[in-house]
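Novice: Sequence isn't available, so here's the structure alone:
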Ligand code: SF4
Ligand code: SF4
């Protein structure tokens, strides 16, 4: 699970992140940003696998990804 935040003022609604997302959890907003573009939003946080493809492909560096990091602690030996 990962949280995706899109800077709506930088996003121009090109949909590249939406097309590349393997889990199809991104979509365009119904609202417009100040430039008059619909912007990308994350529809389903739980389904996102944190692969970061959306951030890598965005030509405007508008995507920030906050992935949950899993840490395996050593088990106590009793
Ligand atoms: S991190 Fe991967 S799964 Fe999550 S929204 Fe971006 S492209 Fe989709
Ligand atoms: S790739 Fe970037 S500019 Fe294009 S829709 Fe996604 S967030 Fe917006």
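Specialist: Happy to help now that I have it. This structure is a prediction, so every number in the text was calculated from the model and none was measured. Ligands and ions are numbered 1, 2, ... in the order given.
Novice: gap between residue 27 and residue 55?
Specialist: For residue 27, the distance to residue 55 under the criterion Cβ to Cβ, to the nearest Å works out to 16 Å. C-beta here means a position set from N, CA and C on the backbone, and glycine is covered the same way.
Novice: scratch that, residue 2 is what I was asking about
Specialist: Relative to residue 55, residue 2 is positioned 10 Å away (Cβ to Cβ).
Novice: Please say which of those two ends up with more neighbours.
Specialist: Taking neighbours as other Cβ atoms under 10 Å, residue 2 and residue 55 compare with residue 2 leading, 18 against 15.
Novice: Which residue comes closest to that one once chain neighbours are left out?
Specialist: Excluding its sequence neighbours, the residue lying closest to residue 2 (Cβ to Cβ, 6 or more residues apart in numbering) is residue 50, at 3.5 Å.
Novice: That neighbour is in contact with residue 25, isn't it?
Specialist: No. Using Cβ atoms under 8 Å, residue 50 is not in contact with residue 25; the gap is 10.9 Å.
Novice: which one of these two has more residues nearby?
Specialist: Neighbour comparison, residue 50 and residue 25: the larger count goes to residue 25, with 19 against 15 (by other Cβ under 10 Å).
Novice: Wait, that one touches residue 41, no?
Specialist: No. When contacts are counted by Cβ under 8 Å, residue 25 is not listed as touching residue 41 (9.7 Å).
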